[in-house]
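[1] Return a 3D structure for these sequence lines:
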Amino acid sequence: LVRRMEPIRSHGRHGASARESTSILWLQAGDAVTLLRLLAIPAFVWAVRQVEAAGPSPLPALLFFLAVGSDLADGPVAGPLGVASEAGRFVDHIADISFLATALGVYWSVGIVPWWVPVAVVASFLFYVADSWRQGGPDQPRRLIGSRIGHLAGICNYTLVGVLACNESAGLHWLPASLV
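    As a prediction, the model looks like this:
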């Protein structure tokens, strides 16, 4: 179920794109890596809830690192294989906000973060989407435009979830509760 993309050597006026596939099309390799992040969401929620019921566990931290690893790997996997696409980039953003909003939401539900933290993260993502779509003209396809500040915000959001997963859920308590 992984899409294998091979360039088609054609120099004609109506030559085929290098992105066309010659095999069964389901998922591109980078999308399959991104899918790991989406699959980690329900497991992460369950693991955090288990910590609240049974005590500290490394599982939320391990799932967090799986999500981070998939975020770091999906682009480098897709790029060299020639399967990077706008659709894949969009799915990557959806996986990011889905994981982060859900993780922060579950930490709100167990009383570790205030309600406005997941709300602010989702609101900032929605503003980013609206601004990206606004910057593209009316005759251009809708696409998400990368930004340095958006990238840094994503890093900060992932860092916050990582601190919560390691400090609170895994019970490391390297940071005092007053800082978290």
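
[2] Run a quick neighbour tally on residue 158.
    For residue 158, the count of nearby residues is 18 (other Cβ atoms under 10 Å). No exception for glycine: its C-beta is placed from N, CA and C like everyone else's.

[3] Against residue 111, how distant is the nearest residue to it once chain neighbours are set aside?
    Spatial nearest neighbour of residue 158, excluding adjacent residues (Cβ to Cβ, 6 or more residues apart in numbering): residue 68 at 6.1 Å. Here residue 68 is placed at a distance of 25 Å from residue 111 (Cβ to Cβ, to the nearest Å).

[4] Between these two, point out the one with more neighbours.
    Ranked by neighbour count (other Cβ under 10 Å), residue 68 and residue 111 place residue 68 first, with 17 against 8.

[5] measure the more buried one to residue 74 for me?
    Residue 68 sits 11 Å away from residue 74, going by Cβ to Cβ.

[6] Could you give the average pLDDT over the helix ranked longest in the chain?
    Assignment by DSSP state H gives helix 29-54 as the longest helix of the chain. For helix 29-54, the per-residue pLDDT values average out at 89.

[7] ok, and for that helix, which residues are buried?
    29-34, 36-37, 40-41, 44-45, 47-48, 51 (16 or more other Cβ atoms under 10 Å).

[8] any residues touching whichever strand or helix holds residue 155, and which ones?
    Element membership for residue 155, per DSSP states H and E: helix 148-163. Helix 148-163 is contacted by residues 61, 64-65, 67-68, 71, 96, 99-100, 103-104, 107, 117, 121, 124, 128, 175, 180 when judged by Cβ atoms under 8 Å, 6 or more residues apart in numbering.

[9] now swap in stretch 38-53 and tell me
    Contacts for stretch 38-53 (Cβ under 8 Å, 6+ apart): 57, 59-60, 63-64, 66-67, 70, 95, 98-99, 102-103, 106-107, 110, 165, 168-169.
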